[in-house]
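**Q** Build the 3D model from these lines:
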Amino acid sequence: MPPKSPDFSDQQLFKSLGDRTADWQGYIATVAHRFNQDYQGEPFELPAEVEAMPIFRERTSGILAAKIASPFWELAKPRKQQKCLDIGCGVSFLIYPWRDWEALFYGQEISTVARDTLNARGPQLNSKLFKGVQLGAAHELHYEANQFDLAIATGFSCYYPLEYWSDVLAEVKRVLKPDGVFVFDVIDTESPIAENWAILEMYLGSEVFLEPLADWQKTIQMAGAKIVKKQPGELFQLYTVRFA
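**A** Alright, predicted model coming up:
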């Protein structure tokens with residue numbers, strides 16, 4: 001499916017990024033557009049045969065979201081006063097128990113709707129823990145080197161090719177402290193729902209790359225990282241990695 005033309009908010013995103021974004025602009029524009037639409041509650045026009053799919057009905061009922069969520073805290077629970085970066089954070093500060101964890105939350109997000117929502121509501125929930133959300137893509141993090149104890153990226157790796165993810169891993173390595181860890185998820189292509197979920201996502205506006213787990217593990221290794229923990233899920237597999 002060809003990438004959509006960037007709208008105004010997409011152009012705002014690209015302006016905030018650097019020259020390296022040019023190679024990935026089409027993917028970023030498509031994903032940003034789709035999630036802006038989703039967060040604003042705008043309807044998606046889908047063919048009747050797609051709406052008849054069981055996975056679509058699970059999506060509309062809310063069952064699917066629970067099935068495919070990745071509980072990153074089960075592998076690396078944020079600890080008190082740790083500096084944590086949530087990449088592609090969406091509205092996670094409003095959902096996950098950051099206040100219970102007492103960890104410092106920093107975010108980066110390509111959806112202007114999600115960014116604006118969190119920056120408006122986050123300080124009202126806890127102005128000490130919430131440190132703001134930057135507008136930007138995962139391969140260009142707007143933070144200093146060696147800043148974070150923990151980085152998190154769930155729910156979006158599948159929308160980009162592995163070459164892009166190599167850039168993401170390099171950026172995460174840069175912003176993590178030497179003893180920091182990175183938790184992220186990837187699609188398990190062997191999952192019974194992977195293909196139907198990818199079809200549904202395509203009709204919702206986002207192409208999905210179904211990459212074998214073996215290729216992901218090679219990409220991680222080539223980035224100078226080591227898998228220290230992993231946890232399978234119904235659709236996504238979680239990894240915790242450390243960089244050499």
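**Q** residues contacting residue 74?
**A** For residue 74, the contacting residues are 231, 238, by C-beta atoms under 8 Å, 6 or more residues apart in numbering. (Glycine included, C-beta is placed from N, CA and C.)
**Q** what phi and what psi does the backbone show at it?
**A** Torsion angles at residue 74 (phi, psi; degrees, to the nearest 10) stand at phi -70, psi -20.
**Q** cool, and residue 120?
**A** phi -80, psi -40.
**Q** Likewise for residue 78?
**A** Per degrees, to the nearest 10, the backbone of residue 78 is at phi -60, psi 140.
**Q** show me what contacts the closest residue to it other than its chain neighbours?
**A** Residue nearest to residue 78 in three dimensions, not counting chain neighbours: residue 103, with 3.4 Å by C-beta to C-beta, 6 or more residues apart in numbering. Residue 103 sits next to 78-84, 129, 150 when contact means C-beta under 8 Å, 6+ apart.
**Q** now do residue 233
**A** Residues counted as contacts of residue 233 (C-beta under 8 Å, 6+ apart) are 68-70, 185, 188.
**Q** What separation is there between residue 133 and residue 112?
**A** With distances taken as C-beta to C-beta, to the nearest Å, residue 133 is found 10 Å from residue 112.
**Q** quick one: residue 179 from residue 101, how far?
**A** 19 Å.
**Q** Sorry, slip of the keys, the one I care about is residue 87.
**A** 17 Å.
**Q** So between these two, which is more surrounded?
**A** Applying other C-beta atoms under 10 Å to residue 87 and residue 101 shows that residue 87 carries more neighbours, namely 25 against 18.
**Q** My read is that the more buried one contacts residue 137, right?
**A** No - applying C-beta atoms under 8 Å as the test, residue 87 and residue 137 come out as separate, 9.1 Å apart.
**Q** Show me the common contact partners of the two, please.
**A** Common neighbours of residue 87 and residue 137, using C-beta under 8 Å, 6+ apart, are residue 108.
**Q** Where is the longest strand in this structure?
**A** Assignment by DSSP state E gives strand 176-187 as the longest strand of the chain.
**Q** Give me the neighbour count for the nearest residue to residue 184 once chain neighbours are set aside.
**A** Leaving aside its sequence neighbours, residue 184 sits nearest to residue 153 (C-beta to C-beta, 6+ apart; 4.1 Å). Using other C-beta under 10 Å, residue 153 has 23 neighbouring residues.
**Q** From residue 131, how far off is residue 157?
**A** 24 Å.
**Q** These two: who's more crowded?
**A** When residue 157 and residue 131 are compared for neighbours, residue 157 comes out ahead with 22 against 17, by other C-beta under 10 Å.
**Q** about what we covered before: the longest strand of the chain: partners in the sheet, and parallel or antiparallel?
**A** Next to strand 176-187 in the sheet, as set by DSSP bridges, lie strand 148-153 (parallel), strand 236-243 (antiparallel).
**Q** what distance separates it from the centre of its chain?
**A** Relative to its parent chain, strand 176-187 has a centroid offset of 13 Å by C-alpha atoms, centre = their mean, to the nearest Å.
**Q** For that strand, buried residues please.
**A** Across strand 176-187, burial judged by 16 or more other C-beta atoms under 10 Å covers 176, 180-187.
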